[in-house]
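Novice: Based on what follows, work out the 3D shape:
(2 chains)
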Amino acid sequence: MRVKCTVNGEKHEIDDVWEGESLLYALRERMGLPGSKNACEQGECGSCTVYLDQTPVCACLVAAGQAQDRDIVTVEGLAGEEKLHPVQQAFLEAGAVQCGFCTPGLLVATHDLLEREEQPSDPEIREALAGNLCRCTGYEKILDAVKLAASRKAEAAT
Amino acid sequence: MEFLRPATWAEALAAKAEHPDALPIAGGTDVMVELNFDVKRPPFLLDLTRVTELADWAPDGGMLRVGAGVTYSRLISELGDQLPGLAMASRTVGSPQIRNRGTVGGNLGSASPAGDAHPPLLADSEAGAVVEAHSVRGTRFIPISEFYVGVKRSALEPDELIAAYWLRPAAGPQQFSKIGTRNAMVISVTAFAIALHPASRRVGTGFGSAAPTPRRATEAEQFLSDELTASGRWESRAELDPAAVAQFGELVAAAASPIDDVRGTASYRRHALSVMAKRTLVWSWSDFRNARPAPNSRRTA
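Specialist: Numbering: from 1, shown residues only, chains lettered A, B, ... in the order given. Predicted coordinates:
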């Protein structure tokens, strides 16, 4: 089956897609975008989180065929040409990245949270990131990173 | 496998009639797991995400008609005030990513005894919610208590699709409680929903993961409704009788027929149900006591 969709602003047309295939597989194996990670394949870990029509979803639970004519943004689409996105920069600086496997999903989930809530409280951060598992950091540094990104964003806005 | 991508509801119904073995997929939060893990290889996948009318909801004749494709996230943000019990259950589903995709229509289609939406659907109004099923042959309105017929089996015919479900906007307090190993991303060990219906002097209940299907605790409902009416508490809004609360918990536990499995034992599930039934009753009664009486109930009081 052929699937056409827009990923990170670029039109993609992929062929020979298996009908039961996930969007995650299509992104990683057919479109050369391995940023979204494949871990649990059952929506438990959140490491494959991408935007589908501006809504964060687990790419492993979207059938590739359902992405037809949709607009997708992956972790690769967050940064500009020159610089990291402020959320990415904050994760680096706060030490929120250890093995890094969960990071792409957390970046997309955090990006979405800060679009909706400029200064999220701790419980709001925990709730927003509840679908993203990290086995290294213990989450404290991730909370620090989200708060750092939020304060940078607020500074930039003033 | 073939991927069917109907653009309209009529096309979807025609496809389901032509291919009754087609597996409908909406949010994919159940179906894709089965595909990713080689549990299912349906000959056809029927993608319903392009059928825009499935994602609509509207009040209709004193009821709410909610399209099968309305996501949990939208239920919480758009219908949380009118359907508080269902919204509470929706908040316990998976994670934000899952709630952004998953739908009550999918919960109904899967008909798993552990589906979080089922208990509040059962507790809604006297008879519970109603499922609106369509096929090329016509429309059926299936009362929720007749919808679940076995483990992961529903009353849907092979050529039918779920168009919507009907609920009454809450006219009294509703509560939901779920036991799991943590707050997020957890399938229920067991779950319980209660709805008070002061206008009709009735109490509605529903529980999950403690019988082959989601179920109402009808004896517990009858007992409590009678007790509250006989003691004049719907009018007086007096504190509950602790003995009645205990009896309600026992009757809810007695309505279950749970099994031992990896998530919990049968005896734990029964115990947990009685505790959740008592707690949610006390919470909802407290909400009822603290709420200003509606004008018509003040007249009758």
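
Novice: from here on, contacts and neighbour counts on C-alpha atoms
Specialist: Will do.

Novice: what are the ranges of the strands in chain B?
Specialist: B:2-4, B:22-25, B:44-47, B:57-60, B:63-67, B:130-135, B:138-143, B:148-150, B:153-154, B:161-167, B:174-179, B:190-197, B:202-208 (DSSP state E).

Novice: What sits closest to B:Trp57 if chain neighbours are left out?
Specialist: Leaving out its chain neighbours, the residue that sits closest to B:Trp57 by C-alpha to C-alpha, 6 or more residues apart in numbering or on different chains is B:Val66, at 4.3 Å.

Novice: does that neighbour really touch B:Asp60, like I thought?
Specialist: No - with contact defined as C-alpha atoms under 8 Å, B:Val66 and B:Asp60 do not form a contacting pair (9.9 Å).

Novice: If you count surrounding residues, which of the two has more?
Specialist: Taking other C-alpha atoms under 10 Å in any protein chain shown, B:Val66 and B:Asp60 do not tie; B:Val66 has more neighbours (25 against 11).

Novice: For the residue nearest to B:Trp57, give me its contacts.
Specialist: Contact partners of B:Val66, counting by C-alpha atoms under 8 Å, 6 or more residues apart in numbering or on different chains, are B:55-58, B:164-167.

Novice: Quick test: name the residue nearest the centre of the chain.
Specialist: With no chain named, the answer covers chain A. A:Val108 (2.9 Å; C-alpha atoms, centre = their mean).

Novice: that answer is for a different chain, and I need it for chain B
Specialist: Note: chain B centre (C-alpha atoms, centre = their mean) maps to B:His118, 2.5 Å.

Novice: Identify the residue spatially nearest to that residue, adjacent ones excluded.
Specialist: Nearest non-adjacent residue to B:His118 (C-alpha to C-alpha, 6+ apart): B:Pro214, at 6.3 Å.

Novice: What separation is there between that neighbour and B:Leu75?
Specialist: 21 Å (C-alpha to C-alpha, to the nearest Å).

Novice: go on, A:Ala130?
Specialist: Distance, A:Ala130 to B:Leu75, by C-alpha to C-alpha: 19 Å.

Novice: Between the two, which is the more surrounded one?
Specialist: More neighbours surround B:Leu75 than the other of A:Ala130 and B:Leu75, with 24 against 21 (other C-alpha under 10 Å).

Novice: and the more buried one, what is it in contact with?
Specialist: Taking C-alpha under 8 Å, 6+ apart, we find B:Leu75 in contact with B:87, B:90.

Novice: Just send the strands of chain B back as JSON lines, with mean pLDDT too.
Specialist: Conversion of those to JSON lines gives the following (pLDDT from 0 to 100):
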{"stretch": "strand B:2-4", "mean pLDDT": "98"}
{"stretch": "strand B:22-25", "mean pLDDT": "98"}
{"stretch": "strand B:44-47", "mean pLDDT": "98"}
{"stretch": "strand B:57-60", "mean pLDDT": "97"}
{"stretch": "strand B:63-67", "mean pLDDT": "97"}
{"stretch": "strand B:130-135", "mean pLDDT": "98"}
{"stretch": "strand B:138-143", "mean pLDDT": "98"}
{"stretch": "strand B:148-150", "mean pLDDT": "97"}
{"stretch": "strand B:153-154", "mean pLDDT": "96"}
{"stretch": "strand B:161-167", "mean pLDDT": "98"}
{"stretch": "strand B:174-179", "mean pLDDT": "97"}
{"stretch": "strand B:190-197", "mean pLDDT": "97"}
{"stretch": "strand B:202-208", "mean pLDDT": "97"}
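
Novice: tell me, how many neighbours does B:Val39 end up with?
Specialist: If you count neighbours by other C-alpha under 10 Å, B:Val39 ends up with 11.
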